[in-house]
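Asks: how would this look folded up:
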Amino acid sequence: MHPLTTTYLLSSLGLGTTLTLSSSHWLLAWMGLEMNTLAILPLMTHKHHPRAVEATTKYFLIQAAAAAMILFASLTNAWFTGEWVIFQLSDPLPASVTALALALKMGLAPMHLWLPEVIQGLDLTTGLVTSTWQKLAPFALMAQTAPSTDHRLLMGVGLLSILIGGWGGLNQTQLRKILAYSSIAHLGWTLLVIQLAPSIALLSLITYIFMTAMTFLSLKTFNCTNLNSLTTSWSKAPALAAMLPPTLLSLAGLPPLSGFMPKWLMMYEMVKQGLQLPATVATLSSLLSLYFYLRLCYAVILTSPPNVYTKTTPWRLTPFLNPLPLTVLSSVTLGILPLTPSMLTLLN
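Replies: Numbering: from 1, shown residues only. Okay, here's the model as predicted:
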């Protein structure tokens, strides 16, 4: 793809997200979501692979259906209330339809089946954009409409996403599918407290974006897309291979890594609000995610590849590696736990 075309598409992608984040009118927010969707479709198919075309078609159909549901809910709300303001969803019907449509856009359970298949058909760079940047605009709308939505609906979708996100990744060997189920589980955690403490939900999303970006860029450096190829990562970039297991454990939420911070705060907030049972179910369900993260750690640091290797000898390759993004991402992923009070103060 020509650099000017790529620049134009990336600018449109950023403009669509910015328009949704800054708008208080449903039509402007809907236009931003549509710009976002249409801008990323050519980026998904730039390699002209049949799997990429299939993933792009699935993504377009799902996003179009979710956008149609959002437009229907906003029209219904305008019919009932006479208002097009986003945070004035006084009727339960448009509020529930909007919440389900945004859950479909983000790939939350039970509307999650499209996300692993789409991520699997994309390359790692586009998969990173789909797993991180494309969540910002729907999350902003979800945060604005959450006070008007039934808390039982949000709790149910959040708990189901955590459970399915952990359960679905147990028997996967494709790394992109594992990261897709990881995205489902993390966004489920975010949805649990988006109505109780939006600042903690935002902190959780930001932390997830940094951790996922570090993981995707590491896999892109290693050129690994499945569990078996991950065993040869030590021969390509030994220092980065040593940093990948702590990053995966940070995604799992183990202390004293950064991923423990949002889960700790979310559990504390839920217990403080008298939601001990959902907090316990979410914590126990996250153990499923911990299992497949430990599988990846085992493949990176505790296994060695067989002597007969049919591909090009990996330690003779000299991959391009820009150390600055990975250095910044690894520092944030592993070491921002002591900055929790300062971050919460800034977000509040």
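
Asks: same for the host helix or strand of T340, what does it pack against?
Replies: Assessed by DSSP states H and E, T340 sits inside helix 340-347. Applying 3 or more Cβ pairs under 8 Å, 6 or more residues apart in numbering; DSSP states H and E, one finds that helix 340-347 contacts helix 198-222, helix 260-272. (C-beta placed from N, C-alpha, C; glycine too.)

Asks: so for S183, which of the ones you listed sits nearest?
Replies: Proximity to S183 (Cβ to Cβ) singles out helix 198-222 among the helices and strands packed on helix 340-347, at 7.1 Å.

Asks: sort out which residues of the closest one are buried, please.
Replies: Along helix 198-222, these residues count as buried under the neighbour rule (16 or more other Cβ atoms under 10 Å): 198-222.

Asks: relative to helix 260-272, how tilted is that helix?
Replies: Helix 198-222 and helix 260-272 are oriented at 150 degrees to each other (axes from the mean of the first three to the mean of the last three Cα atoms, to 10 degrees).

Asks: separation between the nearest residue to T215 once chain neighbours are set aside and A201?
Replies: With Cβ to Cβ, 6 or more residues apart in numbering as the criterion, T215 has its nearest non-adjacent residue at 5.7 Å, and that residue is T247. Applying Cβ to Cβ, to the nearest Å, the value for T247 to A201 is 22 Å.

Asks: follow-up on the earlier one: so for the helix or strand where the residue nearest to T215 lies, mean pLDDT?
Replies: Counting by DSSP H and E, the element that carries T247 is helix 238-252. The pLDDT scores in helix 238-252 average 92.

Asks: next: stretch 340-348.
Replies: If you average the pLDDT over stretch 340-348, you get 80.

Asks: what about the residue nearest to N36 when sequence neighbours are not counted, neighbour count?
Replies: Spatial nearest neighbour of N36, chain neighbours left out: G16 (3.5 Å); criterion: Cβ to Cβ, 6+ apart. When counting by other Cβ atoms under 10 Å, one arrives at 22 neighbours for G16.

Asks: and G16, what helix or strand is that in?
Replies: G16 belongs to helix 3-22, assigned by DSSP H and E.

Asks: centre of the chain to that helix, how far?
Replies: When C-alpha coordinates are averaged (Cα atoms, centre = their mean, to the nearest Å), helix 3-22 and its chain have centres 19 Å apart.

Asks: cool, and stretch 217-235?
Replies: Counting by Cα atoms, centre = their mean, stretch 217-235 is centred 20 Å from the centre of its parent chain.

Asks: export that stretch as PDB, just CAs?
Replies: Backbone C-alpha positions of stretch 217-235 (Å, rounded to 0.1, in the frame of the first residue of the first chain) are rendered in PDB as follows:
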ATOM      1  CA  LEU A 217       4.900  -6.000  19.100                       C
ATOM      2  CA  SER A 218       7.000  -8.800  20.700                       C
ATOM      3  CA  LEU A 219       5.200 -11.400  18.600                       C
ATOM      4  CA  LYS A 220       5.700  -9.300  15.500                       C
ATOM      5  CA  THR A 221       9.500  -9.100  16.300                       C
ATOM      6  CA  PHE A 222       9.700 -12.900  16.800                       C
ATOM      7  CA  ASN A 223       7.400 -13.500  13.700                       C
ATOM      8  CA  CYS A 224       5.400 -16.000  15.800                       C
ATOM      9  CA  THR A 225       1.800 -16.800  15.200                       C
ATOM     10  CA  ASN A 226       1.400 -20.100  16.900                       C
ATOM     11  CA  LEU A 227       2.500 -21.800  20.100                       C
ATOM     12  CA  ASN A 228       5.100 -24.000  18.500                       C
ATOM     13  CA  SER A 229       6.900 -21.100  16.800                       C
ATOM     14  CA  LEU A 230       7.100 -19.300  20.100                       C
ATOM     15  CA  THR A 231       9.600 -21.900  21.300                       C
ATOM     16  CA  THR A 232      12.200 -20.400  19.000                       C
ATOM     17  CA  SER A 233      11.900 -16.800  20.200                       C
ATOM     18  CA  TRP A 234      15.000 -17.100  22.400                       C
ATOM     19  CA  SER A 235      17.200 -17.400  19.300                       C
END
